[in-house]
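Chemist: Predicted coordinates and the sequence they were generated for:
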Amino acid sequence: MLIKLEIRPNFLKKAILSAISLLIFSSPRAKEGLWLPPNLIDRQNDLEVSGLRLPIEKLYNPDGTGLNNAIVLFGSGCTAEVISSKGLLLTNHHCGYGTVQGLSSVKNDYFANGFFAKNNAQEIPCPGLTVTFIRKIENVTDKVLYYLPDTMKNKIRDSIIALRVAAVEKDYEKSTGLDATIKPYYNGNQYWVIVTETYKDIRLVGFPPNGIGKFGGDTDNWMWPRHTGDFSMFRIYAGKDNKPAAYSKDNRPYRAKAYFAINTSGYKEGDFTMVYGFPGYTQEYISSYQLKQVYDITDPIRIQARSIKLDIWKNNMDNSRDLFIKYASKFAHIANGWKKWQGEMWGLTTNNVIDKKRAYENKFQQWANDQPAKPYAGILPAMDLATQAVNDAMRNDEYIKETVLGIELVQQGATLDKMLQCFRSKMPVAQLQDTLKKLCNKGFYKNYDLATDKQVFRALMPLYFSNSTGMPAYYSRTYRGYNKNFAHWANDVYRRSAATGIDKMEALAEGAQAGDSTKILADPAWKLYTAVTEYRTKKIVPLMQRYYNKMNTLNRLYMKGQMEESPRHDFYPDANLTLRLTYGHVKGIDPDGPAGYSYQTTLDGAIAKDNPDIEEFKVPEKLKELYKKKDYGRWGVNGTVPLAFIADNHTSGGNSGSPVLNAKGQLIGTNFDRVWEGTMSDYYFDPSVCRNISIDIRYTLFILQKFGGAGWLLNEMKLVKN
Ligand code: ARG
Ligand code: GLU
């Protein structure tokens, strides 16, 4: 299921060719940018030249009619869009995944079989899931930052800001009757208030089986060409007044004033597109010093440690179906970042991003040197010093997090530590036993394999020992105690610790007596966990904290300086999980490998990848039947169904599930990924390689109607053609 990523020799050649062709046939050029909705008015000209055919005030309008009112933050890190007047929501399969896991059982295995409600009554409540509308966004910088000099001491400055933020939020909540949150933008040079409304009764409407919604799995993740039907549907329910309400069977589908019309005519290469959603975290204005930390420290350590762990997991998963099921979700989570960071490293290298940053900094420094009255000349040298001073601690910490704390048993040391606190609280024995039992972490052990984890211990501990430049005394002492033999050490730890299985944990809880805290104090998993946690608290965290504080100030000033140095440049604030619009054009790419240039995939491509022997590439029988009979209904185009497409929109994590819109603001797809070659776009956006991947709305509707038999939902949608 996992492919090894090799260096791609062809790619450079292709990148150069495509850069040249871009120069020669320069059609509308892609632009980076994660634009704040209220600021779009300043970009009206550029948006229109790029292709927008919609009055600008339709995109964002706090009066309730703007398209901002048709987009929600889904859960805590995805985007979804409203696609009917009855509160129907469209998002990604991988965004609904966790919720659906909670609703599934062996009897109702929605991962294997999918789920499609046949009417409103069948829609399934999703406890804990919320969606948040963005009703209004306003610049409150003047209210937060007035009379605060740049050079004021951090602590005082921050505490004044915190007080003002709380007061202004309260004012907004009072005047709107809604929730209000103020967030910093441009590294703290601006503050904006976001007025929101969060709905809490959300129900599952449609979820294709993994053979469609997760098709290609981790092998195809971050890759193009792609054939994943990565969508799911939910519905918002509201109280009688259409306002948020806790779940009740009397709640009614939310009546939406704003929702997206769906354009089923498709698109062609070069067409204008927008992605409207919640990008999570980018650092486009970062200095070369911090970027080098990503490049030299965090990315390589994460990749190195995770390669080892994932190799072990994969091997064991290939040999046991039971283990496969237990580790599939953890694997997907760990592998998602692992693969992305390799793309990021590759992109930063191929594009010489650090050198480009340095050249830019030289220019900035010269400018700053000519402004003696301003606080800018010392910023970059101070960043240089600060990063150098912390790099060693950062490296050690990253190794701890990815190796020692990457061992599941050591993570369970935290559970033992919580138990220890119960012993120490001196509660009555019956209550103690009861509390300990609840702490046992049954859910974790359901998906835990001791032998696999022990292999991970034996592989990751040596990595830690050979790379760390400072470690807890307990570690070096114990290692010597086992004659520097990791295998013996592992055998002993996994034999003696109570945290290796639910039986031992429950035995510890059930028979617990007040004096039993000694059992925990002697447990090797607890010792490994506490030693490393204390070490971090004493030796690493204070250094890192001081560093981050210093960098916050420096980065705020650096951002301000950059904006003063080139006032005509189009600055946009880095992503911070708030609503942004980005725009570009449908555009293909020629990835390395045999695939060749393309901007769109089809159902035929998915069928061609079908492999009943490999879980990730098993096409469901019913889809194969539809394919054989060419039973595509109105969704067929040239004898197949369009499936996914790419464009050069600037997106990031959190944009999963975002609406992909045409020039008229009509829905043509749902964003779900980026291409591997362009994942460095969180630091550096290069239009020649950066692409976002979207599922074609026609594939979504085909699956919904023909595969899921949920055609009734089409009646509430507004389907339009060009
Ligand atoms: N790469 C996509 C995003 O970051 C999709 C992740 C889910 N899919 C998977 N195969 N793990 O988050
Ligand atoms: N799959 C990502 C998400 O879950 C979006 C892809 C990206 O990082 O661009 O948000």
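Modeler: That came through fine. Ligands and ions are numbered 1, 2, ... in the order given.
Chemist: Packing partners of the helix of greatest length in the chain?
Modeler: As assigned by DSSP state H, the longest helix anywhere in the chain is helix 321-350. With contacts defined as 3 or more Cβ pairs under 8 Å, 6 or more residues apart in numbering; DSSP states H and E, helix 321-350 has these neighbours: helix 9-24, helix 217-220, helix 299-319. Every residue, glycine included, has its C-beta placed from N, CA and C.
Chemist: What residues does the protein have near ligand 1?
Modeler: Contacts of the chain with ligand 1, taken as Cβ under 6 Å from any ligand atom, map to His94, Gly217, Asp218, Asn221, Trp222, Ala332, Asn336, Gly653, Ser656, Asp673.
Chemist: which of the residues you listed come close to ligand 2?
Modeler: Gly653, Ser656, Asp673.
Chemist: Highest neighbour count among these?
Modeler: Asp673 (29 neighbours; other Cβ atoms under 10 Å).
Chemist: Just list whatever residues bridge to that residue.
Modeler: On the basis of DSSP bridges, Asp673 is bridged to Ile693.
Chemist: Pull stretch 669-685 out as CSV, backbone CA atoms only.
Modeler: Output of stretch 669-685 as CSV, limited to C-alpha atoms (Å, rounded to 0.1, in the frame of the first residue of the first chain):
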residue,chain,number,x,y,z
GLY,A,669,-16.1,20.7,-7.4
THR,A,670,-14.8,20.1,-3.9
ASN,A,671,-11.2,20.6,-3.0
PHE,A,672,-9.4,17.7,-1.2
ASP,A,673,-5.7,17.6,-1.7
ARG,A,674,-2.6,19.1,-3.3
VAL,A,675,0.0,17.5,-5.7
TRP,A,676,3.1,16.2,-4.0
GLU,A,677,5.5,18.3,-6.0
GLY,A,678,3.8,21.5,-4.8
THR,A,679,3.4,20.9,-1.1
MET,A,680,6.1,23.5,-0.3
SER,A,681,3.5,26.0,-1.1
ASP,A,682,2.9,26.5,2.7
TYR,A,683,6.3,28.4,2.6
TYR,A,684,6.7,29.2,-1.1
PHE,A,685,4.1,29.1,-3.8
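Chemist: Quick check: buried residues in it?
Modeler: Neighbour counts over stretch 669-685 (16 or more other Cβ atoms under 10 Å) mark 669-685 as buried.
Chemist: follow-up on the earlier one: any chance of the ones next to ligand 2 among the residues of the chain next to ligand 1 in a markdown table with pLDDT as columns?
Modeler: Shown next, in a markdown table, are these (pLDDT from 0 to 100):
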| residue | pLDDT |
| --- | --- |
| Gly653 | 97 |
| Ser656 | 98 |
| Asp673 | 98 |
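Chemist: hey, which helix or strand in this protein has the poorest pLDDT?
Modeler: None of the helices or strands of the chain scores lower by mean pLDDT, DSSP states H and E than helix 9-24, at a mean of 47.
Chemist: and the chain, which residues reach ligand 2?
Modeler: Within the chain, the positions near ligand 2 by Cβ under 6 Å from any ligand atom are Thr651, Ser652, Gly653, Gly654, Asn655, Ser656, Phe672, Asp673, Arg674.
Chemist: The residues of the chain next to ligand 1 into TSV, with extra columns for distance to Asp299?
Modeler: Formatted as TSV, these follow (distance: Cβ to Cβ, whole Å):
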residue	distance to Asp299
His94	23
Gly217	23
Asp218	19
Asn221	17
Trp222	15
Ala332	20
Asn336	14
Gly653	15
Ser656	21
Asp673	19
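Chemist: For Gly75, state which of the residues you listed is nearest.
Modeler: Closest approach between the residues of the chain next to ligand 1 and Gly75, by Cβ to Cβ: Ser656, at 10.4 Å.
Chemist: So the closest one is in contact with Ile693, correct?
Modeler: No. In this structure, Ser656 is not within contact of Ile693 by Cβ atoms under 8 Å, at 10.3 Å.
Chemist: who touches both of these two?
Modeler: Asn671, Phe672, Asp673 (Cβ atoms under 8 Å, 6 or more residues apart in numbering).
Chemist: give me the element the residue of the chain found nearest ligand 2 is part of.
Modeler: Nearest residue of the chain to ligand 2: Ser656, at 3.1 Å (Cβ to the nearest ligand atom). Under DSSP states H and E, no helix or strand contains Ser656.
Chemist: dump the residue contacts of it.
Modeler: Neighbouring residues of Ser656 by Cβ under 8 Å, 6+ apart: Gly77, Cys78, Thr79, Thr91, Asn92, His94, Cys95, Asn671, Phe672, Asp673.
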